[in-house]
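*Asks:* structure for this input, please:
(chains A and B)
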Amino acid sequence: MSDTVLFALEAGLNGLTVGIMYSLVALGFVLIFKASGIFNFAQGVMALFAALTLVGFQTGQVPFSHLINAIFGAHVSDFGFTMPAFLAIILTVVVMVLLALLIERLVLKHLVNQEPIILFMATIGLAYFLEGLGDIMWGAEVKRLDVGIPQGMSSWVDETTYNLFGYGFYIDTLSLWALLIAAVLVTGLVVFSQYTKQGRALRAVADDHQAALSVGISLRFIWVLTWSIAGIVALVAGIMWGSKSGVQFSLSLIALKALPVLILGGFTSIPGAIVGGLLIGVGEKLFDFFMQPVIGGATENWFAYMLALVFLLFRPQGLFGERIIERV
Amino acid sequence: MLYREAGDFKTSYASDNQTFPIRFDRAAYWVAIAAAFLVVPMVLGDYWANSIVIPFLIYVIAALGLNILIGYTGLLSLGTAAFMAVGAYATFKLTTAFPGMPIYIVFLLSGLVTSAVGVLFGLPSLKIKGFYLAVATLAAQFFLIWLFTRVEWFYNYSPTGQISMPERSMFGVIITGASASSTAVYFTCLIFTVAMAWLARNLTRGTMGRTWMAIRDMDIAAEIIGVNPLIAKLSSFAVSSFFVGVAGALTFGVYLGAAEAGEAFSINKSFLVLFMVIIGGLGSILGSFLGAAFLVVLPVLLKLMLVDGFGWPADLARHLEVMIIGALIIVVLIVEPHGMAALWRTIKEKLRLWPFPH
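*Replies:* Okay, the predicted model is just below:
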């Protein structure tokens, strides 16, 4: 094989792993959109918040330490102990569930029956609130996140590809783990929604709110449940992104990329979120690879959105979405 | 007893249709205009002009533009900052390419350029709406900013990638550039804001505004009663982008003086203008003023109180501000989805009846 093809292949493979990250965030969007019809703009910030909380627990930071120091003139910063990753993850999950409960109590309950666009704007407000809260709670500096997932160049991939093509691909081990974890997560979600009582109730609500209510499913419980699951998915996405490039604000911006992913995959389809994420991930890397000499680099910033724009013009429901039918 | 319609007889259709039907409102309006033109310039210091008054006036124009799109036509846009950048870069290219062109004309032409770009990115709105359209406008946001930072022609091949405004004067007064006085800048912004608000008010209550609102309330029904959605949506994008473009031109031309697309017109600015529209009131001209005033004053107030007053670190105050803005958005949407303008409307109703409760 020629060098260009090999380089393109490597770029594409790396795109695939970035795409997994997009898919993970998009997955959280789809879950909430299906269950409550809410387009949750805050999903990306939830990932950031979860990652911040996880790092905070792991390193034993005192929450709101900056605030406490500013008000009382104290100098607290951390408790002086570190927590094993496993325990910290469990605690973070608890925090995300509490967050879901609070969101339902304080926000969603009061906005029932509002137009989708109002709910959408409310989640933008939520995103800002969480962003500020995360920064105030845990501080705004870039943090290292390490939960024990191996990182660095995967020598296995390097060797195998070297033997095959005579050129070793550079792939991060972390990306392979992300792939695996995403697969486990999706399988888990599918099993949950197919075989458990709560999962079936969730699908019923996604199908028809009123019909679900009339057979005795509590809408509010299901909403808390979906937001909790979305919070956990956000945590997984946050761990992945955080281990890759540190926990910082850009995480929530990258999550904006989940929007074009959804357009591509369809707002209501879990496989769509996965496939859409992979397509965008590979697409932007390949586009950048081939177009860099022609129009310059950093096209990753907008390629996904432009692709979504083209898609919107020809197939607004996405690849896997349900057909959009409008009635007067 | 001041706030009454009684005794204020309307004898022509024109006076029946006027913007302020109550005499007290009319008087208040003229007093406000007179104060803005005569009193404020006398007492305005440089600090207050640059930190509050001038940004306020510019944001009002941007908020008016976005309100036309979201509040009146129901089309959500997250690309406001990119369209402001189009206005800014158009101003830069026009002033450097045609040094003799009067600066006010440059600002208006920049608005028209933005209008054209806005229509281009508004084309998908014919097929999609809601958050689908929001994603389409995000494409505008990221693509345009990338264009302005990558294509050297836009910043005249300057090595820093920045654009900076050359000095221009009008009627012998220096308006742009570093040596412009804050009074001159204030008057420029004020003239534009008043003119644009007048334009917005009269557009939105005329045929054009009514077709926009028909599309907003239910586009399919509007189409059936004979509103052309193509014209309504694209005209809304054109007018809205014109406003936003002028706001961008003023931001760069008279307020900042130098700008870099990625920093001055990032997506956060898009959200800021969106929040102004939501907090102020969707579909209200007054709301654009109130929302802009609130979100311009809030950070300054918080900074004065927390950083200068209590000695908090500045970044903490900024994070608190982000948190407060987010919470406010949610509270406003829950308590009063039509924003501060609706609160004012309720107060007016009460005032009319005062001292009786009903």
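*Asks:* so where does residue 212 fall, helix or strand?
*Replies:* Using chain A. When secondary structure is defined using DSSP states H and E, the element that contains residue A:212 is helix A:209-214.
*Asks:* could you do chain B instead?
*Replies:* In this structure, residue B:212 sits in helix B:207-217 according to DSSP H and E.
*Asks:* which positions within that helix qualify as buried?
*Replies:* With burial defined by 16 or more other Cβ atoms under 10 Å in any protein chain shown, the residues of helix B:207-217 counted as buried are B:208, B:209, B:211, B:212, B:213, B:214, B:215, B:216. All C-beta atoms are positioned from the backbone trio N, CA, C, and that covers glycine.
*Asks:* for the stretch 1-150 of chain B, what lies in contact range of chain A?
*Replies:* Remark: the part of the stretch 1-150 of chain B in contact with chain A comprises B:74, B:76, B:124, B:127-128, B:130-132, B:134-136, B:138-139, B:141-143, B:145-146, B:150, using Cβ under 8 Å from any Cβ of the partner chain.
*Asks:* which of the buried residues of helix B:207-217 are close to chain A?
*Replies:* Among the buried residues of helix B:207-217, proximity to chain A is found for none (Cβ under 8 Å from any Cβ).
*Asks:* with distance to residue B:25 and pLDDT as extra columns, can I get these in JSON lines?
*Replies:* As requested, these are exported to JSON lines (distance: Cβ to Cβ, whole Å; pLDDT from 0 to 100):
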{"residue": "B:208", "distance to residue B:25": "24", "pLDDT": "92"}
{"residue": "B:209", "distance to residue B:25": "20", "pLDDT": "92"}
{"residue": "B:211", "distance to residue B:25": "27", "pLDDT": "93"}
{"residue": "B:212", "distance to residue B:25": "24", "pLDDT": "93"}
{"residue": "B:213", "distance to residue B:25": "22", "pLDDT": "93"}
{"residue": "B:214", "distance to residue B:25": "27", "pLDDT": "93"}
{"residue": "B:215", "distance to residue B:25": "29", "pLDDT": "91"}
{"residue": "B:216", "distance to residue B:25": "26", "pLDDT": "89"}
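*Asks:* got any ranges where chain A has weak pLDDT?
*Replies:* Across chain A, the ranges flagged by pLDDT under 70 are A:1, A:148, A:151-155, A:157, A:166-168, A:252-255, A:296-297, A:321-328.
*Asks:* what about the helices in it?
*Replies:* With DSSP state H as the definition, chain A shows helices at residue ranges A:3-36, A:43-59, A:65-72, A:85-106, A:116-138, A:155-165, A:173-195, A:197-207, A:209-214, A:219-245, A:250-254, A:258-265, A:270-295, A:300-314.
*Asks:* most tightly packed of the ones you listed?
*Replies:* helix A:258-265 (a mean of 30; mean count of other Cβ atoms under 10 Å in any protein chain shown).
*Asks:* name the helix or strand for residue B:85, please.
*Replies:* Element membership for residue B:85 (DSSP H and E) is helix B:80-97.
*Asks:* so for that helix, what gets flagged as buried?
*Replies:* Using 16+ other Cβ under 10 Å as the test for burial, helix B:80-97 gives B:80-95.
*Asks:* do stretch B:214-230 as well
*Replies:* The neighbour-count check on stretch B:214-230 (16+ other Cβ under 10 Å) flags B:214, B:215, B:216, B:219, B:222, B:223, B:227, B:229 as buried.
*Asks:* give the contact list for residue A:241.
*Replies:* With contact set as Cβ atoms under 8 Å, 6 or more residues apart in numbering or on different chains, residue A:241 has these partners: A:21, A:47, A:51, A:247, A:251, A:254.
*Asks:* before we move on, the earlier item: quick one: is the helix or strand just after the helix holding residue B:212 near chain A?
*Replies:* Under the assignment DSSP H and E, the closest C-terminal helix or strand after helix B:207-217 is helix B:219-224. Yes: under the criterion of Cβ under 8 Å from any Cβ, chain A is reached by helix B:219-224 at B:220, B:221, B:224.
*Asks:* what residues does the helix holding residue B:212 touch?
*Replies:* Judged by Cβ under 8 Å, 6+ apart, the contacts made with helix B:207-217 from elsewhere in the structure are B:68, B:72-74, B:203-204, B:221-222, B:225, B:227-229, B:231-233, B:235-236, B:239, B:283.
*Asks:* nothing else from me, thank you.
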